[in-house]
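Undergrad: I would like to see how this sequence folds:
(chains A and B)
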Protein chains: 2
Amino acid sequence: MSEFKEKFLREAIRLSIDNINDGHGGPFGAVIVKNGEIISKAVNKVISKKDPTAHAEIEAIRIASKKLNNFHLTGCEIYTTCEPCPMCLGAIYWAQIEKIYYANTRADAKKIQFDDEYIYEEFSKHYHERKIPISQHLRNEAIKAFEAWEKKTDKINY
Amino acid sequence: MSEFKEKFLREAIRLSIDNINDGHGGPFGAVIVKNGEIISKAVNKVISKKDPTAHAEIEAIRIASKKLNNFHLTGCEIYTTCEPCPMCLGAIYWAQIEKIYYANTRADAKKIQFDDEYIYEEFSKHYHERKIPISQHLRNEAIKAFEAWEKKTDKINY
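TA: Numbers count the residues shown, from 1 in each chain, chains lettered A, B, ... in the order given. Next up, the predicted model:
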């Protein structure tokens, strides 16, 4: 990793340390960069926002999307202090971010009681073996929305 | 599924169909229920909010968390018109929602160009085989935040 890029990850680390005393949430920070410039910075705000989705990466993606006025963050890189959890990794894919740099691992997170690993494991299990029961119903009714979407001529794909 | 519960999934389906003309985003809706009462309803707003994280389930979780003033949605069930994507399934786990009812499948979504399946597949690949490159750096610096968090005596776990 170049020194130039290291400074972005260090900025995310600085944010993660500040957040411990600021009390917005867990010790996590993220920075999104485009063309060598910081587009957004964020920390975990699960506690202060009382929002389980307010992880640093999700917050940074929201801010960057707003700033670039685009739901695709093409040409962007994300620097995050911990390996993204499944929710955040999914968001990074939807946002079409092009590169991920992280520092701490999901095993490090588990050690301090943030069990991303458990959620990753759930994903690879059969539905009937998962901790949160999941079941399918009324597909014949819901599929009508998909059929109507398919026929819509002026739709925006994302 | 009981008739009583079917009405919640039908409400999500109604929202997903309305969203096709309303133009907030894709044809998806979600409803969160606690003790037999609707706590939140939401549609996909990726287009209108220009936010790649604004899937129906994430939107519904944010509204419900705000309403219940809690980052845990204990005792809640989610009714969603499509099998949750990895981002939304992750969010459901973080929110500790207790049951998931869905209608359309990820294969149905793929047919109308919402490729949740592709993201699920990426999760099970080795890092070096993934489409979005991911690499680890500066752990020795970032781990300091985790160590400080561990020592914090007044922290809130979530």
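
Undergrad: residue A:53 is in contact with residue B:57, isn't it?
TA: No - in this structure residue A:53 lies outside contact range of residue B:57 using CB atoms under 8 Å: 9.5 Å. In this view, the C-beta of every residue, glycine as well, is placed from N, C-alpha and C.

Undergrad: between the two, what contacts are shared?
TA: Here residue A:53 and residue B:57 share the contacting residues residue B:91, scored by CB atoms under 8 Å, 6 or more residues apart in numbering or on different chains.

Undergrad: the two: which has the busier surroundings?
TA: It is residue B:57, of residue A:53 and residue B:57, that has more neighbours when counted by other CB atoms under 10 Å in any protein chain shown, with 32 against 27.

Undergrad: tell me which element that one is part of?
TA: Element membership for residue B:57, per DSSP states H and E: helix B:56-68.

Undergrad: buried residues in that helix?
TA: The neighbour-count check on helix B:56-68 (16 or more other CB atoms under 10 Å in any protein chain shown) flags B:56-65, B:68 as buried.

Undergrad: near chain A too, which of these?
TA: With respect to chain A, and counting by CB under 8 Å from any CB of the partner chain, the subset of the buried residues of helix B:56-68 in contact is B:58, B:61-62, B:65.

Undergrad: let me know the closest of the residues you listed to residue B:11.
TA: Checking these against residue B:11 by CB to CB gives residue B:61 as the nearest, at 16.5 Å.

Undergrad: surely that closest one touches residue B:31?
TA: No - counting by CB under 8 Å, no contact exists between residue B:61 and residue B:31, whose distance comes to 11.5 Å.

Undergrad: anything in contact with each of the two?
TA: By CB under 8 Å, 6+ apart, the residues touching both residue B:61 and residue B:31 are B:40, B:78.

Undergrad: longest single helix anywhere in chain A?
TA: Secondary structure assigned by DSSP state H gives helix A:3-22 as the longest helix of chain A.

Undergrad: remind me what the next helix or strand after that one packs against, helices and strands.
TA: Counting by DSSP H and E, the next helix or strand C-terminal to helix A:3-22 is strand A:29-34. Counting contacts by 3 or more CB pairs under 8 Å, 6 or more residues apart in numbering or on different chains; DSSP states H and E, the secondary-structure elements packed against strand A:29-34 are helix A:3-22, strand A:37-43, helix A:56-68, strand A:76-82.
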